[in-house]
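Attaching a predicted model along with its sequence, questions to come.
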Amino acid sequence: MSGHKGLAKWFKQDWVDIGSKKKGGGFAKCGRSKQKKDAKRKYPKCVPRAKAMRMTESQRRSAVSRKKVPLNEKGKKILKSMKKTYGKDAKAVFYASKNKGVIKGVEKKKRSTKGNRKKTKR
């Protein structure tokens, strides 16, 4: 029964969306409602409030940008194949497999702006 303690703790934590800051400071509650004002809101990146407060601004930005990384051709092909097999659950299965490390090399590589400059002799 020790496995239930972790899940109970998870539900009791105060989850916030680090992708949307409030004007007075702090973060918006995690999740979206079905109201029109939330329809255009971006996909939330949720973490426990305690963790959010420990993260630096650059760590928060990085976590939010990693949330939705576009797929390359390999990733699109695998996802299309999974849709035939799993139907509506295909995306969940695909991303769970990717996060677990079963599927690799399916995200587009981001261009690095650091260190790509050519060194010239002077």
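Perfect, I can see it now.

Tell me the helices and strands packed up against the strand ranked longest in the chain.
For the chain, the longest strand by residue count, based on DSSP state E, is strand 15-21. Packing partners of strand 15-21 (3 or more C-beta pairs under 8 Å, 6 or more residues apart in numbering; DSSP states H and E): strand 27-29, strand 46-48, helix 49-54, helix 57-67. No exception for glycine: its C-beta is placed from N, CA and C like everyone else's.

Next, the buried residues of the longest one.
Residues of helix 57-67 classed as buried: 60, 63-64 (neighbour count, 16 or more other C-beta atoms under 10 Å).

Could you report the separation of the spatially most central residue of the chain from Gly25?
With distances taken as C-alpha atoms, centre = their mean, Lys67 lies nearest the centre of the chain, 2.3 Å away. Taking C-beta to C-beta, to the nearest Å as the measure, Lys67 falls 22 Å from Gly25.

how's this structure carved up into domains?
The record's domain parsing of the chain by automatic domain parsing lists 3-67, 69-111.

In a markdown table, list those domains along with mean pLDDT.
Output for the domains of the chain, formatted as a markdown table (pLDDT from 0 to 100):
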| stretch | mean pLDDT |
| --- | --- |
| domain 3-67 | 80 |
| domain 69-111 | 82 |
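
number of nearby residues for Phe94?
Residues lying near Phe94 (other C-beta atoms under 10 Å) number 22.

now Pro44
When neighbours are counted by other C-beta under 10 Å, Pro44 comes out with 21.

Val102 now?
Val102: 9 neighbours (other C-beta under 10 Å).

returning to what we had before: with distance to Gly19 added, can I get the buried residues of helix 57-67 in TSV?
Listed next are the buried residues of helix 57-67 as TSV, based on distance: C-beta to C-beta, whole Å:
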residue	distance to Gly19
Arg60	8
Ala63	9
Val64	4
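
ok, now how distant is Val16 from Leu7?
19 Å.

I'd like the next helix or strand past the longest helix seen in the chain.
In terms of residue count, the longest helix belonging to the chain (DSSP state H) is helix 73-86. Proceeding C-terminally, helix 73-86 gives way to helix 90-100 as the next helix or strand, assigned by DSSP states H and E.
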